[in-house]
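J.: need the 3D shape of this:
(one chain, ligands or ions: 1)
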Amino acid sequence: MECRLKAKKCGGCPMLGLDYAEQLKQKEAAVRKLVGKYGPVAPIRGAENPCHYRNKVISTFAAGPGGKLVSGIYAAGTHKVLPVESCLLQDEVLDTVMQAVRAAASTCRYQPYNEDKGTGLLRHCLLRRGVVSGQVMVVLVTAQPVLPGAKNFVRALLAEAEKRHVPVTTVVQNYNLRRTSVVLGEEEKVLYGKGFILDTLCGKTYALSPRSFYQINHDQTEVLYGLAVEAARLTGKEVVLDAYCGIGTIGLTASGRAKQVVGVELNRDAVWDAIGNARHNDVKNARFFAADATQWITEAAAAGQRADVIFMDPPREGSTPQFIESVARMAPKRVVYVSCNPETMARDLALLTAKGYRAEGFTPVDLFPQTAHCEVVGALTRSQKSKG
Ligand code: SAH
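T.: As a prediction, the model looks like this:
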């Protein structure tokens with residue numbers, strides 16, 4: 001596949017030069033090399049459409065030739081903005097929405113923020129699309145609290161979007177006054193609509209606000225969660241722990257087949273989202289806690305709490321030896337490990353298997369075609385001689 005941005009050092013698609021079938025082969029082999037000694041690795045689940053899968057786009061504003069407002073991504077390893085009109089990974093509707101945002105911002109004579117001088121107004125634009133709902137959120141990140149002529153901007157944006165036949169459901173201004181490469185600041189103002197969009201994943205509906213964590217590849221996330229819940233072999237009687245639960249998606253997907261779901265997540269905003277998501281989906285058997293997963297499970301295990309199944313979906317750094325120690329104390333029948341980094345998964349598997357958990361098997365799922373990353377679902381069961 002060809003991409004003009006690659007030659008300009010975009011860096012976003014390191015595997016683009018390879019056929020998709022070859023990419024899958026390489027990812028599967030890499031996973032097998034890392035975790036194969038613990039159990040069989042099933043064929044990788046490839047994406048039906050390996051392009052345009054990103055339902056979230058972040059664009060950075062800059063001044064182009066003649067002072068024209070452009071937006072795009074930083075070239076690899078630099079702070080130089082590479083203007084992007086379209087991208088092979090991004091949802092094509094969002095590319096068009098971004099054109100509308102640039103057109104409206106230019107009409108309002110908004111200036112891009114200049115990192116070195118600390119001048120200008122517009123820093124970034126974050127776009128998100130609910131793949132099932134079709135709803136689109138526009139988040140304009142500004143370098144000052146006041147967006148002059150905000151009403152005119154919204155009016156212009158809606159008109160530009162309509163002209164291009166794309167929807168804009170809500171518009172939020174986020175201000176980030178700090179000199180940082182972190183995109184979003186703490187403060188937000190809803191300029192139009194409700195400030196969130198809805199999307200449906202595995203039969204549950206989620207409200208996504210600008211800062212909610214949400215998997216970027218909708219269809220492959222359904223494959224991933226489907227495999228994870230299947231691996232849990234729930235019968236409706238189980239107490240299920242969803243550790244590192246984000247906005248509660250895995251636990252809520254499993255909730256209809258479990259007695260009780262308990263989710264634990266460090267990020268407080270995500271936990272609030274999880275609680276709201278349970279309520280809106282009328283899920284009554286799920287509770288969520290804002291805590292460090294290791295600390296929470298250690299205290300829960302010491303207090304004699306038990307879980308029949310533990311889902312764990314840690315960040316790239318993986319879990320901790322103390323977390324795994326406490327898993328063993330809780331002695332669940334099954335552990336379903338969902339990993340975005342097979343290297344740390346392999347490290348954690350050494351500890352889990354030493355505690356008497358046996359890996360039944362692993363299934364890699366390609367959530368990130370054209371990049372080197374993939375996810376893995378691992379199903380583990382507690383063997384008789386486990387050392388809890
Ligand atoms: N299961 C969710 C999120 C997975 S990403 C999903 O599928 O969408 C990993 C999550 O772990 C993130 O939400 C992150 O905020 C959370 N996290 C990171 N460190 C943590 C810790 N020490 N304790 C609990 N959660 C943590």
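J.: name the residues of the chain found near the ligand, please.
T.: Applying C-beta under 6 Å from any ligand atom, we find that the chain lies next to the ligand at 213, 215, 244-246, 249-250, 264-267, 270, 292-293, 313-315. The C-beta positions use only the backbone N, C-alpha and C, and glycine is treated the same way.
J.: find the closest residue to the ligand in the chain.
T.: Per C-beta to the nearest ligand atom, residue 246 is where the chain lies closest to the ligand, at 2.8 Å.
J.: quick one: secondary structure of that residue?
T.: Three-state call for residue 246 (DSSP: H, G, I helix; E, B strand; the rest coil): coil.
J.: isn't there a strand covering residue 278?
T.: No - assessed by three-state DSSP, residue 278 does not belong to a strand; its assignment is helix.
J.: just the strands in the stretch 101-250 of the chain please.
T.: Taking DSSP state E, counting those that start in this stretch to define them, one finds strands in the stretch 101-250 of the chain at 122-129, 136-142, 170-175, 187-192, 197-201, 204-208, 239-243.
J.: show residues contacting the fourth one.
T.: So the one you mean is strand 187-192. Under the contact criterion C-beta atoms under 8 Å, 6 or more residues apart in numbering, strand 187-192 has outside partners 140, 145, 147, 150-151, 153-154, 158, 168, 170-175, 195, 210.
J.: list buried residues within the residues you listed.
T.: With neighbours counted by 16 or more other C-beta atoms under 10 Å, the contacts of strand 187-192 contain buried members at 140, 147, 150, 153-154, 158, 168, 170-175, 195, 210.
J.: mind picking the two most distant members of these?
T.: 158 and 175 (21.6 Å; C-beta to C-beta).
J.: quick revisit: for the residue of the chain closest to the ligand, give me the pLDDT.
T.: pLDDT, residue 246: 95.
J.: number of residues surrounding it?
T.: 22 (other C-beta atoms under 10 Å).
J.: so it touches residue 264, yeah?
T.: No - using C-beta atoms under 8 Å, residue 246 is not in contact with residue 264; the gap is 10.5 Å.
J.: where does the residue nearest the centre of the chain fall, phi/psi-wise?
T.: The centre of the chain sits closest to residue 215, judged by C-alpha atoms, centre = their mean, with a distance of 3.0 Å. Residue 215 adopts backbone torsions of phi -60, psi 140, taken as degrees, to the nearest 10.
J.: that one: what's it in contact with?
T.: Residues near residue 215 by C-beta under 8 Å, 6+ apart: 201, 221, 224, 249, 367.
J.: repeat for residue 248
T.: With C-beta under 8 Å, 6+ apart, residue 248 has these contacts: 242, 263, 265, 273-275, 277-278, 286, 288.
J.: over to residue 81?
T.: 60-62, 70-75.
J.: the residue lying closest to the residue of the chain closest to the ligand once chain neighbours are set aside: neighbouring residues, count only.
T.: Closest residue to residue 246 apart from its sequence neighbours, by C-beta to C-beta, 6 or more residues apart in numbering: residue 213 at 4.8 Å. Residues lying near residue 213 (other C-beta under 10 Å) number 14.
J.: residue 213 is in contact with residue 249, isn't it?
T.: No - Residue 213 is not in contact with residue 249 according to C-beta under 8 Å; the separation is 9.3 Å.
J.: circling back: just give me the closest of the buried ones among the contacts of strand 187-192 to residue 52.
T.: Minimum separation from residue 52 among those (C-beta to C-beta) is found for residue 168, which lies at 19.1 Å.
J.: how many other residues sit next to the nearest residue to the closest one once chain neighbours are set aside?
T.: Excluding the flanking residues, the one nearest residue 168 by C-beta to C-beta, 6+ apart is residue 161, at 4.5 Å. Using other C-beta under 10 Å, residue 161 has 21 other residues around it.
J.: then residue 341?
T.: What residue 341 shows, counting by other C-beta under 10 Å, is a neighbour count of 18.
J.: host element of the closest residue to it other than its chain neighbours?
T.: Leaving aside its sequence neighbours, residue 341 sits nearest to residue 316 (C-beta to C-beta, 6+ apart; 4.4 Å). Using DSSP states H and E, residue 316 sits within no helix or strand.
J.: burial measure for residue 316, as a count.
T.: Residue 316: 10 surrounding residues under other C-beta under 10 Å.
J.: my read: it touches residue 347, true?
T.: No - using C-beta under 8 Å, residue 316 makes no contact with residue 347, being 11.9 Å away.
J.: what residues of the lowest-mean-pLDDT helix or strand in the chain count as buried?
T.: Among the helical and strand segments of the chain, the one scoring lowest on mean pLDDT, DSSP states H and E is helix 4-7, with a mean of 80. For helix 4-7, a neighbour-count test (16+ other C-beta under 10 Å) marks 5-6 as buried.
J.: hmm, who's touching it?
T.: So helix 4-7 is in contact with 12-13, 16, 82, 84, 87, going by C-beta under 8 Å, 6+ apart.
J.: these in strands, which ones?
T.: Among the contacts of helix 4-7, the residues falling in strands (DSSP state E) are residue 82.
J.: which of the contacts of helix 4-7 has the largest number of neighbours?
T.: When neighbours are counted by other C-beta under 10 Å, residue 87 leads these with 23 neighbours.
J.: correct me, but that residue touches residue 95?
T.: Yes - judged on C-beta under 8 Å, residue 87 makes contact with residue 95 at a distance of 6.6 Å.
J.: next, show the common contact partners of those two.
T.: residue 57.
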